[in-house]
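Colleague: Build me a structure from this.
(one chain, ligands or ions: 1)
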Amino acid sequence: MSLVVDGLSKHYSKSVHALDNISFRVNAGECIGIVGESGSGKSTLARVLLGLESYKDGRITINGKPIAPKKRALLREYRKSVQMIFQDATSTLNPKLPIWKSILEPLDNFKEITPSFLQAEGLSRKEVAEELLEIVGLEKKMVDRYPGELSGGQKQRVSIARALSIEPTLLVCDEPTASLDVTVQVQILRLLKALQKKTNMTILFISHDIRAVTFLCEKVIVLKNGSIVDQFGLEGIYHEERHPYTKSLIKAASIE
Ligand SMILES: Nc1ncnc2c1ncn2[C@@H]1O[C@H](COP(=O)(O)OP(=O)(O)OP(=O)(O)O)[C@@H](O)[C@H]1O
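Modeller: Next up is the predicted model:
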């Protein structure tokens, strides 16, 4: 799956240019990080990429096909291959449902999809959710729990299980570790890395934390005030040519 963003702009008003002429490309199986401080346009970019918001200028194509948020049929087709995880797993899981029901939501929405792990016939719906829980490192017996009975890290694993259920080719992660303890952050990043290796999905990882981005991603885009100020492969992180803003992020994170 390749994602090409070309000259993308999104203006909320004359003075608020959340995204200004953004261009980048992600190839199949790559993990790309988008790093920037609060207000740089990261979440806007995620929402536009998911087709949740329209955009003014530019083109977004996935496997050569445009994403057109106003064309429902195109958007539905697109959503079959894209999933998202958010910072706050609590708000994305229905507190009144046992987690197995939440995990199956994407599969319920796209009944035409049969993921490879469901090729074994005769699994009950709950057993499908159990399989997914195992994939994200949780015990099967947790399947009947409610979100309120899980830790922050466990909830994020559940939301990853739900995202993986339809075997997306693109996973957009918007600050998925920002509200977790440092040790749990590392566990979730390790999980995402392992899952990416196993499934070859493309990951777009959005974060204010350049440490997390460099842990997971081989390519980095630096966003500032809605514009890309720097773009590099991980091997070039310490090159002299890095933008002063990138250098300041590296310095602040003490990863010099
Ligand atoms: N719905 C909206 N209406 C008007 N302005 C908006 C809207 N959403 C975002 N903005 C503005 O667009 C700019 C980019 O916001 P965005 O939320 O994309 O940044 P961000 O990098 O994700 O920040 P944070 O890390 O704080 O969430 C900001 O100036 C913000 O105030």
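
Colleague: I'd like the distance between the most far-flung residue of the chain relative to its centre and the ligand.
Modeller: Centroid-distance maximum for the chain: G122 at 31.2 Å, with Cα atoms, centre = their mean. According to Cβ to the nearest ligand atom, to the nearest Å, G122 stands 44 Å off from the ligand. From N, CA and C alone the C-beta is placed, and that goes for glycine too.

Colleague: Look up how far V184 lies from that residue.
Modeller: 36 Å (Cβ to Cβ, to the nearest Å).

Colleague: now the strands for the stretch 151-256 of the chain?
Modeller: 170-174, 202-207, 219-224, 227-233 (DSSP state E, counting those that start in this stretch).

Colleague: quick revisit: checking my notes, the residue farthest from the centre of the chain in a strand, right?
Modeller: No - assessed with DSSP: H, G, I helix; E, B strand; the rest coil, G122 is coil; it does not lie in a strand.

Colleague: Now it: phi and psi?
Modeller: Backbone torsions for G122, taken as degrees, to the nearest 10, come to phi 80, psi 10.

Colleague: Residue numbers of the stretch 151-256 of the chain in contact with the ligand?
Modeller: Within the stretch 151-256 of the chain, the positions near the ligand by Cβ under 6 Å from any ligand atom are H208.

Colleague: where does the stretch 151-256 of the chain dip in pLDDT?
Modeller: 256 (pLDDT under 70).

Colleague: And the residue of it closest to the ligand?
Modeller: H208 (5.6 Å; Cβ to the nearest ligand atom).

Colleague: and that residue, how many neighbours?
Modeller: 16 (other Cβ atoms under 10 Å).

Colleague: Assess the claim that it and T177 are in contact.
Modeller: No - when contacts are counted by Cβ atoms under 8 Å, H208 is not listed as touching T177 (10.7 Å).

Colleague: How much space separates L118 from S124?
Modeller: From L118 to S124 the distance is 11 Å (Cβ to Cβ).

Colleague: Show me which of those two is the more surrounded one.
Modeller: Between L118 and S124, counting by other Cβ under 10 Å, L118 is the more crowded of the two (16 against 9).

Colleague: Identify the residue spatially nearest to the more buried one, adjacent ones excluded.
Modeller: V128 (6.2 Å; Cβ to Cβ, 6 or more residues apart in numbering).

Colleague: mind listing what the one you found touches?
Modeller: By Cβ atoms under 8 Å, 6 or more residues apart in numbering, V128 lies in contact with 104, 107, 118, 165.

Colleague: Which ones among those residues map onto helices?
Modeller: L107 (DSSP state H).
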